[in-house]
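> model the following, please.
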Amino acid sequence: MRLQIKKKLKVIFLLLLAGLLASSCSALQPKPAALSDEQVGEVVENLLLALDQGDYAAFSRDFSAEMKAAFTQAEFDKIRQMLQEASGSYISKSTAKLSNSEDYAIYRLDCVYKQENVIVTVSFKVAGDKVEGLFFDSPNLRAANQS
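Sure, this is the predicted structure:
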């Protein structure tokens, strides 16, 4: 009788452990923007091509109102010049990797430019469809920023 109780307790314990692991794994899944991964890729591709071509209107078309207010034509021109000088022309991008920070879906992409690889980070509000943040990082850009 004691052996049966021990077996039942072990089974219950294992089921509880399995349930706990399953729920914790699903809680760790990042929450995406309202866009599909493919749509996020299209948004990023559009803004990188527009930046490369000097087209501010196309570059900023998917920005939130706050982002448009912060990322003016003058800021666009500065970033474009810095990218062109430090990294060269845009060539291609990888598939976006999703993570979360607070209420934001953060997408990081490895992008190939003529002179180096650049990490491009784009953020959206969770369940949002407008770009809320845009960041570029590479060794050449960091060096140019310190000059």
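
> so which residues of this protein form helices?
Using DSSP state H, the helices found in the chain span residues 2-27, 37-53, 56-59, 65-70, 73-86, 139-146.

> skipping its backbone neighbours, what lies nearest the most centrally placed residue in the chain in space?
When the chain is reduced to its mean C-alpha position, the closest residue under Cα atoms, centre = their mean turns out to be Tyr107, at 0.9 Å. The shortest distance from Tyr107 to any residue that is not its chain neighbour, by Cβ to Cβ, 6 or more residues apart in numbering, is 3.9 Å, and that residue is Ala96. All C-beta atoms are positioned from the backbone trio N, CA, C, and that covers glycine.

> what about Asn145, how many neighbours?
Other residues within reach of Asn145 by the criterion other Cβ atoms under 10 Å amount to 10.

> dump the residue contacts of it.
Shown in contact with Asn145 (Cβ atoms under 8 Å, 6 or more residues apart in numbering): Met82.

> could you do Ala127 as well?
By Cβ under 8 Å, 6+ apart, the contact list for Ala127 reads Lys31, Pro32, Ala33, Ala34.

> on that earlier part again, pretty sure the residue nearest to the centre of the chain contacts Lys97?
Yes. If you go by Cβ atoms under 8 Å, Tyr107 and Lys97 touch, sitting 6.9 Å apart.

> returning to what we had before: any idea of the pLDDT on the residue nearest to the centre of the chain?
The model reports Tyr107 with a pLDDT of 94.

> before we move on, back to that, quick one: the residue nearest to Tyr107 and Met82, what's the gap?
Distance of Ala96 to Met82, computed by Cβ to Cβ, to the nearest Å: 23 Å.

> and those two? Which one has more around it.
Counted by other Cβ under 10 Å, Ala96 and Met82 do not tie: Ala96 has more neighbours, with 22 against 15.

> next, work out how far apart that one and Ala86 are.
With distances defined as Cβ to Cβ, the gap from Ala96 to Ala86 amounts to 23 Å.

> cool, Leu134 as well?
With distances defined as Cβ to Cβ, the gap from Leu134 to Ala86 amounts to 16 Å.

> could you do Phe63 as well?
Separation of Phe63 from Ala86 (Cβ to Cβ): 23 Å.
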